[in-house]
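# Provided below are the primary sequence and the corresponding predicted coordinates.
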Amino acid sequence: MSPAAPVLQVQALKKHFAVTQGVIWTKVLGWVKAVDGISFSVPQGETLAIVGESGCGKTTTAKLILRLEEPTEGQVLVDGLNIHTLKGTELKEYRTIVQAVFQDPWSSLSPRMRVRDIVAEPIIINGKLSSQEIKARVAETLERVGLRPQQAALYPHEFSGGQRQRIAVASALVSDPKLIILDEPVSALDVSIRAQIMNLLVDLQQDLRVSYVLIAHHLATTRYMAHEVAVMYLGKIVERAKTKELFKNPLHPYTKALFSAALPAHPDIVREEIVLQGEVPSPINPPSGCRFHPRCPFAMPRCAQEEPKDQDMAPGHMVACHLY
Amino acid sequence: MGTITVPGLPWYSPPRVAHALKQARRYPLIPIFILTFFLVIPAVFAPQVAPYDPLKGSLSKRLKAPAWQEGGSIAYPLGTDKMGRDILSRMIYGARVSLAVSLVAIVVGGLIGTTLGLMSGYFGGRVDALLMRLVDISLSLPTILLALVLVAAVGPSFWTVITVLVVLLWARYARLVRGETLSIKERDFIARARVAGASHTRIMTRYLLPNVVNSLIVLATLQVGYVILLESALSFLGAGLPRPTPAWGLMVADGRELIVTAWWVSMFPGLAIMLTVLALNLLGDWLRDHLDPKLRNV
């Protein structure tokens, strides 16, 4: 298979939130640098996972790609078009190309809408299909995610968590998107249901050649679903590599710490254990130099002064650390 | 410590009263029954139900006592007022007036309040700050003064009363809806609607509104009683509906100076107001408990 053109390109993306006081006469007290200059791209039919602790900016990144937030700097290109400058029909088109599945299926489905209305919403808004076509498309999509078309007339509260997430997936699929943002798609589900939903998502990707951006903090999920993994820390990507490569050979101290925090599959496995000290620093005043240096077990004097540059250690393995 | 016990007071039995009220709260059938009987049926079928014309009286039959009192006759079961008009008929037409006024005021006030509340909660920021100050102002307006000023300016009429009531009512809806909107808009289904490309109007009407409707129904029911009371107070003060409209408040006002000689003129409409408001409050409480337990303190 020839290398597919990237569906999504993120270029030097920044999002700084103003911390303000007052409502009518606002005063800016500082800036939260939630996302601070990240770049990556996702080819067609592949999954990029963004992992990191809470507060590292992964959800903001998802919101920027979904155009729920406007970037401070940089751009997001979907199919080569800057999504934040789209208008009119192009914007309408973009709203069908990019869809999302959110973490909590209990809050992501309106309790007052029937399943068929929830699932059909993107194609109803797009307004290209007749109501007969919409009906057929909804039935087809429900079957695709493992629900019965007859269930379209029910309300969300009549379903279990796993089924609800299937409904959310159906709604994301109905407009035939090229890219789906999965914001922690399985972390709110029972462990027994997780594998089902993950398998469903992987199967759908193979059938439909859809790309995913997977936002996760659970490493097993990432390993199972992603082709490539980007590790984020305080608004920056510190390491990015193919999944196999990253899990075999993590380079950045933060990535190592993250992996060592996850339980191994077998209790007897000997592993390097890195326990991080302290909390994630506030993104309002991020540490100078390398943002990870106050918690890094390998920190050198240089780390506090100089910001590390992105380096390619192997083809497709990027790391931002002074150790290399 | 000695407690004083008064033995053998036959009429004193609070537990039974309390129990009855508790039962009435639990089963809405009683309030609904009282309500339909005293308000809805007479209001809808007034011309068929009322024995006399509410506006025409004959001075020869003025101030007749109710049927069971000396000097009363079965022809005028609740007596007549000082113009010789049948009190029962006037009360029946009065139910129609009360219902019309409160429904129109609540629908108009509710529409305005809900729209502004949705916008305030959804857009937030300056729109929200501005609208909520307006709500504060509206809630701090002195009811009676506002009514008197308006009546002095444009004269008493149905629409003056409606205007006064709407000005007083919309703010509660706005505040309630804004609060609910603030919590609902953070939920993921709103983000999903935006990802699907829904416009602001679509999000407000298709996503936010259906999720606040329960609270709105409860508030509206609780407010019918309040509005009837308010309308009666306005009419009593002469700032409400113009005479000779058979409004309950006006009837109470008319009987005011006759309270010693002809108690029935003001007593029966007063009772009607009390029973209706009580029934509506019980119904509202029941609805609140069943539709929206979050609203315990509204």
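Perfect, thanks for sending it. For clarity, every value in this text was computed on a predicted model and none was experimentally measured.
# Name the residues that touch the longest helix anywhere in chain A?
The residue-count maximum for a helix in chain A (DSSP state H) belongs to helix A:191-208. Identification of contacts with helix A:191-208 by Cβ atoms under 8 Å, 6 or more residues apart in numbering or on different chains yields A:45, A:47, A:144-146, A:160-162, A:165-166, A:169, A:173, A:176, A:182, A:185-186, A:189, A:210-212, A:221, A:224-225. The way it works is simple: take the backbone N, C-alpha and C, and place the C-beta from them, glycine included.
# Likewise for stretch B:184-199?
Against stretch B:184-199 from outside (Cβ under 8 Å, 6+ apart): A:66, A:68, A:91-92, A:95-96, A:98-100, A:102-104, A:107-110, A:121-122, A:125-126, A:168, A:171, A:175, B:121-122, B:202-203, B:206-208, B:211-212.
# Let me see the ranges of the helices in the stretch 151-298 of chain B.
Along the stretch 151-298 of chain B, the segments classed as helices by DSSP state H, counting those that start in this stretch run B:158-184, B:188-195, B:200-202, B:209-236, B:248-254, B:264-291.
# Switch the ones you listed over to TSV; also include mean pLDDT and mean neighbour count.
Shown next, in TSV, are those (pLDDT from 0 to 100; neighbours: other Cβ atoms under 10 Å in any protein chain shown):
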stretch	mean pLDDT	mean neighbour count
helix B:158-184	91	21
helix B:188-195	93	23
helix B:200-202	94	12
helix B:209-236	86	21
helix B:248-254	87	24
helix B:264-291	84	20
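# Turn those into TSV, including distance to B:I106.
Below are the helices of the stretch 151-298 of chain B laid out as TSV (distance: least, Cβ to Cβ, whole Å):
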stretch	distance to B:I106
helix B:158-184	7
helix B:188-195	28
helix B:200-202	24
helix B:209-236	5
helix B:248-254	17
helix B:264-291	11
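# Let me see the contact set for residue 249.
With no chain named, the answer covers chain A. A:H317.
# should've been chain B
B:E231, B:S232, B:A233, B:L234, B:S235, B:F236, B:G240, B:P269, B:I273.
# okay but the fourth one is in contact with B:V164, surely?
The reference is to B:L234. Yes - between B:L234 and B:V164 there is a contact under Cβ atoms under 8 Å: 6.9 Å.
# hey, what's in contact with both of those two?
In contact with both B:L234 and B:V164: B:A147, using Cβ under 8 Å, 6+ apart.
# Can you point out the buried residues in stretch A:55-68?
For stretch A:55-68, the buried set under the neighbour-count rule, 16 or more other Cβ atoms under 10 Å in any protein chain shown, comprises A:55-67.
# ok, and which of those reach chain B?
A:L66 (Cβ under 8 Å from any Cβ of the partner chain).
# Name the nearest of the buried residues of stretch A:55-68 relative to chain B.
A:L66 (5.2 Å; Cβ to the nearest Cβ).
# one step back: using PyMOL, define a selection of the buried residues within the contacts of helix A:191-208.
A single PyMOL command is used to select the members of these judged buried by 16+ other Cβ under 10 Å:
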select buried, chain A and resi 45+47+144+145+162+165+166+169+173+182+185+186+189+210+211+212+221+224+225
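# thinking again about what came up before, and the furthest pair within the contacts of B:G249?
B:L234 and B:P269 (14.4 Å; Cβ to Cβ).
# B:Y76 and B:G84 touch, don't they?
No - counting by Cβ under 8 Å, B:Y76 sits too far from B:G84 to count as a contact (9.3 Å).
# the more surrounded of these two?
B:Y76 (22 against 17; other Cβ atoms under 10 Å in any protein chain shown).
# Just the element for that one, please.
When secondary structure is defined by DSSP states H and E, B:Y76 falls outside every helix and strand.
# who's in contact with it?
B:K61, B:K64, B:P66, B:A67, B:D86, B:I87, B:L88.
# ok, of those, which come out buried?
B:K61, B:K64, B:P66, B:D86, B:I87, B:L88.
# count of neighbours near A:V174?
A:V174 has 28 nearby residues by other Cβ under 10 Å.
# wait, it sits on A:V119?
Yes - applying Cβ under 8 Å, one finds A:V174 in contact with A:V119, separated by 5.5 Å.
# Which single residue in the stretch 1-150 of chain B comes nearest to chain A?
Counting by Cβ to the nearest Cβ, the stretch 1-150 of chain B gets nearest chain A through B:A129, at 4.4 Å.
# shaky segments in chain A?
Chain A contains residues with pLDDT under 70 at A:1-4, A:23-24, A:264-265, A:269-272.
# which parts of it sit against chain B?
So chain A meets chain B at A:23-24, A:66, A:68, A:91-92, A:95-96, A:98-100, A:102-104, A:107-113, A:121-122, A:125-126, A:168, A:171, A:175 (Cβ under 8 Å from any Cβ).
# Go again with 7 Å.
Where chain A comes near chain B, counting by Cβ under 7 Å from any Cβ of the partner chain, the residues are A:23-24, A:66, A:68, A:92, A:95, A:99-100, A:102, A:104, A:107-112, A:121-122, A:125-126.
# Give me the buried entries from those residues.
A:66, A:95, A:99-100, A:102, A:104, A:107-110, A:112, A:121-122, A:125-126.
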